[in-house]
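Enquirer: have a look at this prediction, sequence included:
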Amino acid sequence: MLSGVMLSWFILTAFSVLFVAVDSMKTPESPVLKWGFILLTVYTGPIGAFLYVLGCREPLPGLHERYTATLWRQVLGSTMHCVAGDGLGILAGAIIGGMIHLSKPTEIGLEYLLGFGFGWSIFQALFMKASSGGSFYRALKNTFIPELVSMNYLMAAMIVVTTIGMSLVPGSGNPLTVEFWFIMSMALLAGFIAAYPINWWLVSNHLKHGMMTVRPKTGGDIISDAQEHSSYDGAESGHDSENHKDKISNNAIWLMVIISFVVFGGGAGFSLMYKA
C-alpha cells in the first residue's frame, strides 16, 4: 500500500516540477523566487505546484503586481523562500547523518547548522543583497533574525515528522531508499505549514519580504515589489522603512525569537525522548 502511495507521489512530483519549471519562465517574478517555487515543488510535489498556481502564477497579463499584493500571497512567498533555501541544507545534513549513522542529537545539530547556514547566507543574503543596497554584509545583518525565527519553526516540525516517520517505515533512515525521500518530503511539507504563521507575523511587521514582480525593460529589468524586502534593522527598501520599523518594538522581536527557540527545543526534545 505504502509503496503504491510513494510511487504515485513521485510520479506526480516529476510532472509537477516540470510544469513549474517551464511555466515559471513566463511568470514576471524574481528569479530567486522562481527557483524557490521549483525547489518547493521538488520537496512537496503537486502541493508545491498548486501553491505556485494559486499564489504566484500571473492569472492574466499585467496583473501579477495586484495578484500577489494580497497578504496571504506575500506570506506564501516568504515561507516558500525560507523552506526552499533551508530545505537544501537540511536535506544535506540528513543525507550525511544517514550515511555515516550520526547520533540523533548530532544529526539534528548538523541539519540545523547546514539548513540555517545555507538558507541565511545564500538564499536570503546573497540572492537578496540588492534589497540591501548591494552589500552582502548588510544583507546578512538584515536577514539574520527573520531567517532564524522562521528556521526554528520549520526545523521543529520536520524533526517531529522525521522522528515518527522513520520509526514507523522500515528502511527510511537510509538516504539510498525511496522511503527516506518520501519521509523527508512529508517533513518539509509539515515544516512549510508550521513556518507559515510566523512568516505571516514577519511579513505583516515588515521584517521579511514577500512576492516580487520583475518585468523586462529596455536596458535591464525593473522590479515592482508588491511588498519590498524589509529588514530587522529597518534598512532602506524604497518605501518608508523607518515608519515600518516603528510599528514593532525590539522587545516584541526578541520575544518572538525566544518563543521560536522554545518551539524548536520542543521538537528536538520530542525526537530525543521518542520511543516507537
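Expert: Good, I have the coordinates. Numbers count the residues shown, from 1 in each chain.
Enquirer: tell me the SS of Pro216?
Expert: The local conformation at Pro216, judged by DSSP: H, G, I helix; E, B strand; the rest coil, is strand.
Enquirer: residues contacting it?
Expert: Counting by C-beta atoms under 8 Å, 6 or more residues apart in numbering, Pro216 makes contact with nothing. Just so you know, the C-beta spots here come from the backbone N, C-alpha and C atoms, and that holds for glycine as well.
Enquirer: any idea how far Leu60 is from it?
Expert: 18 Å (C-beta to C-beta, to the nearest Å).
Enquirer: ok, Trp9 next?
Expert: Trp9 is 32 Å from Leu60, by C-beta to C-beta.
Enquirer: out of those two, which sits in the busier spot?
Expert: Trp9 (18 against 8; other C-beta atoms under 10 Å).
Enquirer: pLDDT below threshold where in this structure?
Expert: 217-247, 276 (pLDDT under 70).
Enquirer: which parts of it are helices?
Expert: Here the chain has its helices, by DSSP state H, at 2-23, 31-44, 46-55, 64-67, 71-100, 104-118, 136-168, 178-204, 241-246, 250-273.
Enquirer: a markdown table for these, including distance to Met128?
Expert: A markdown table is the format used below for these (distance: least, C-beta to C-beta, whole Å):
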| stretch | distance to Met128 |
| --- | --- |
| helix 2-23 | 21 |
| helix 31-44 | 7 |
| helix 46-55 | 19 |
| helix 64-67 | 19 |
| helix 71-100 | 8 |
| helix 104-118 | 14 |
| helix 136-168 | 6 |
| helix 178-204 | 14 |
| helix 241-246 | 15 |
| helix 250-273 | 19 |
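Enquirer: which among the ones you listed is found nearest to Phe127?
Expert: Closest approach to Phe127 among the helices of the chain is made by helix 31-44 (4.2 Å; C-beta to C-beta).
Enquirer: what helices and strands are in contact with that closest one?
Expert: In terms of contacts (3 or more C-beta pairs under 8 Å, 6 or more residues apart in numbering; DSSP states H and E), helix 31-44 is packed against helix 2-23, helix 46-55, helix 71-100, helix 178-204.
Enquirer: and the gap between Gln124 and Met25?
Expert: 24 Å.
Enquirer: so between these two, which is more surrounded?
Expert: For Gln124 versus Met25, neighbours defined as other C-beta under 10 Å are more numerous around Gln124 (28 against 8).
Enquirer: separation between the more buried one and Ser16?
Expert: Counting by C-beta to C-beta - Gln124 and Ser16 are separated by 25 Å.
Enquirer: cool, Glu111 as well?
Expert: Counting by C-beta to C-beta, the gap from Glu111 to Ser16 is 25 Å.
Enquirer: out of those two, which sits in the more crowded spot?
Expert: Comparing Glu111 with Ser16 by other C-beta under 10 Å, the one with more neighbours is Glu111, at 25 against 21.
Enquirer: of the helices of the chain, which is nearest Met211?
Expert: helix 71-100 (3.9 Å).
Enquirer: tell me what the closest one is packed against?
Expert: helix 31-44, helix 46-55, helix 104-118, helix 136-168, helix 178-204.
Enquirer: can you list those helices in TSV and add distance to Lys129?
Expert: Shown next, in TSV, are those (distance: least, C-beta to C-beta, whole Å):
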stretch	distance to Lys129
helix 31-44	11
helix 46-55	24
helix 104-118	15
helix 136-168	4
helix 178-204	19
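Enquirer: go through these and name the closest to Gly266.
Expert: From those, taking C-beta to C-beta, the stretch that ends up closest is helix 136-168, at 6.4 Å.
Enquirer: could you list the buried residues of the closest one?
Expert: For helix 136-168, the buried set under the neighbour-count rule, 16 or more other C-beta atoms under 10 Å, comprises 138-166.
Enquirer: excluding its backbone neighbours, what's nearest Leu102?
Expert: Take Leu102 and drop its neighbours on the chain: the residue closest to it by C-beta to C-beta, 6 or more residues apart in numbering is Leu110, 6.6 Å away.
Enquirer: could you pull up the residues touching the one you found?
Expert: Counting by C-beta under 8 Å, 6+ apart, Leu110 has contacts Gly93, Ile96, Gly97, Leu102.
Enquirer: only the buried subset of the residues you listed, as a PyMOL command please.
Expert: With 16+ other C-beta under 10 Å as the criterion, this PyMOL line picks the buried residues out of those:
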select buried, resi 93+97+102
